[in-house]
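*Asks:* Need a 3D model of the following:
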Amino acid sequence: MISILKTALNTIPRPWLIRLSYWARPILILWLKGDKFQDPIDGKTYRKLLSYGYAKTRENVLAPGSLSLERHRLMWLYLQNETDFFTADLKVLHIAPEQSFLSKFKKMKNLEYTTLDIESPIADIKADIRNLPLENNSYDVIFCNHVLEHIVEDEAAMKELYRVMKPGGWGIFQVPMKYNLKTTYEDFSITSPEERQKHFGQYDHVRWYGLDYFEKLRNVGFKVRTDYGTGNFTSDEQQKFALMSGEVLPVVLK
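*Replies:* Numbering: from 1, shown residues only. Below is the predicted model of the structure:
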């Protein structure tokens, strides 16, 4: 059973997995129930999490209840522990909304919550992030996670996100990063899915971000906080929530 699941999780595109998960989730939640891991998003506990990864499979990272990965759980913990996101009246823009958050954020009565994606049929607005059909200074909070690595003109996208964020607003812009790289690795002559997966870790990525990612955000006007990450948790907490060691959460402010 484990080997079949591992093969499926690492060969079937994630959007298809999400659709399949609606019938599989209840079974997996019961089958994996235990007390070694806890998903802070829905509070469910597991003896084991599912494996996931394209170029390299990671063990015990995908929680079947919320479909969260390490980065989703880190973001949730930040929102829960460090912000008033769950109580304040906020106008929120969510680019390419993650399944782990979508239904929960939609139900929150304190949020004026808008989703945007270039092709997703479930997004409220279908648009290109490089040319947002939105007014200047519109949103208190913007989430844009694991989107920029898909876009050649990432600076144009960052500028648009800055434009539509309200002064005093904030956001979370997660990207795949290699913390041992000083500068971002990109090569736009690499176009085949096979070569992109080999060079950038996934078939539809165009770069690996390095530590200069934070400076790229600053260059378009954002202030950037890099002081929150898995280092804010004890080793026991990191294991309990199945967080990625050394991960930093990019928090931007205008």
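*Asks:* Could you pull out the strands in the stretch 51-200 of the chain for me?
*Replies:* Secondary structure of the stretch 51-200 of the chain, counting by DSSP state E, counting those that start in this stretch: strands at 58-62, 90-95, 111-117, 125-126, 139-144, 165-172, 185-186.
*Asks:* Please, which helix or strand holds the nearest residue to P64 once chain neighbours are set aside?
*Replies:* Using C-beta to C-beta, 6 or more residues apart in numbering and skipping residues adjacent in sequence, the residue nearest P64 is L28, 3.8 Å away. Backbone N, C-alpha and C define where each C-beta goes, glycine included. Element membership of L28, judged by DSSP states H and E, is helix 14-31.
*Asks:* Next SSE downstream of that helix?
*Replies:* Next element after helix 14-31 (DSSP H and E): strand 33-38.
*Asks:* how many degrees apart are that following strand and strand 58-62 in direction?
*Replies:* In terms of direction (axes from the mean of the first three to the mean of the last three C-alpha atoms, to 10 degrees), strand 33-38 departs from strand 58-62 by 100 degrees.
*Asks:* how far out from the middle of the chain is strand 33-38?
*Replies:* Between the centre of strand 33-38 and the centre of its chain there are 23 Å (C-alpha atoms, centre = their mean, to the nearest Å).
*Asks:* How about stretch 218-236?
*Replies:* In terms of C-alpha atoms, centre = their mean, the centre of stretch 218-236 is found 14 Å from the chain centre.
*Asks:* which other residues reach that stretch?
*Replies:* By C-beta atoms under 8 Å, 6 or more residues apart in numbering, the residues outside stretch 218-236 that reach it are 74, 77-78, 82, 155, 158-159, 162, 214, 217, 238, 241, 243-254.
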